[in-house]
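J.: My questions are about this predicted structure, shown below with the sequence.
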Amino acid sequence: VQLQASGGGLVQAGGSLRLSCAASGSIFTIHDMAWYRQAPGKQRELVATITSDGNTNYADSVKGRFTISRDNAKNLMYLQMNSLKPEDTAVYYCFANVRFISMRRVDSWGQGTLVTVSS
C-alpha cells in the first residue's frame, strides 16, 4: 500500500490548514488510521486517531482545534487544523492499518508533509 500525505505548508499563527492522506494499492479494507507529527529535535507523537467506524481520539494539545475524518469509500483521511500555533510546526505523517486483498494486515506510513506555523 502507498500512503500519500499532502496539504502542508507555511501559515501564520491562528490560521488553518487541511491535510489529506490517500491510500492506494490492493486494499481490502483499512482499519485504524492516524496522524502523527514530529517536530525538530523531538520524538514522533500521536496527534489523532480514527477507527473504521469513525470513532476519534485526540492528543490533549490539539483537542478543540484539530478534526480528523476519513472517507472509507475513497480510502482518504483528513486532518483539519484550525487556530494553529507555532508549536504545531512539525512534519505530519499519516498512518493506516491496512488489510490487503490477500488478507495480510500491515501497518503503513506516509512520507510526511511539513507544516510550519509562523508567529
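T.: Sure thing, it's come through.
J.: avg pLDDT for stretch 23-30?
T.: Across stretch 23-30, pLDDT averages out at 93.
J.: what comes into contact with that stretch?
T.: By C-beta atoms under 8 Å, 6 or more residues apart in numbering, the surrounding residues in contact with stretch 23-30 are 1-4, 52, 72, 75-77, 96-103, 108. Where you see a C-beta, it was placed from the backbone N, CA and C, and this is true even at glycine.
J.: Just the buried residues from these, in PyMOL please.
T.: Selection of the buried residues among the contacts of stretch 23-30 in PyMOL, burial being defined by 16 or more other C-beta atoms under 10 Å:
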select buried, resi 1+3+75+77+96+97+98+108
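J.: from the contacts of stretch 23-30, which ones fall inside helices?
T.: Mapping the contacts of stretch 23-30 onto helices (DSSP state H) picks out no residues; all lie outside.
J.: In strands, which of the contacts of stretch 23-30 appear?
T.: Per DSSP state E, strands hold the following members of the contacts of stretch 23-30: 2-4, 76-77, 96-100, 108.
J.: Chain neighbours aside, what residue packs nearest to Ile68?
T.: Spatial nearest neighbour of Ile68, chain neighbours left out: Ala48 (4.0 Å); criterion: C-beta to C-beta, 6 or more residues apart in numbering.
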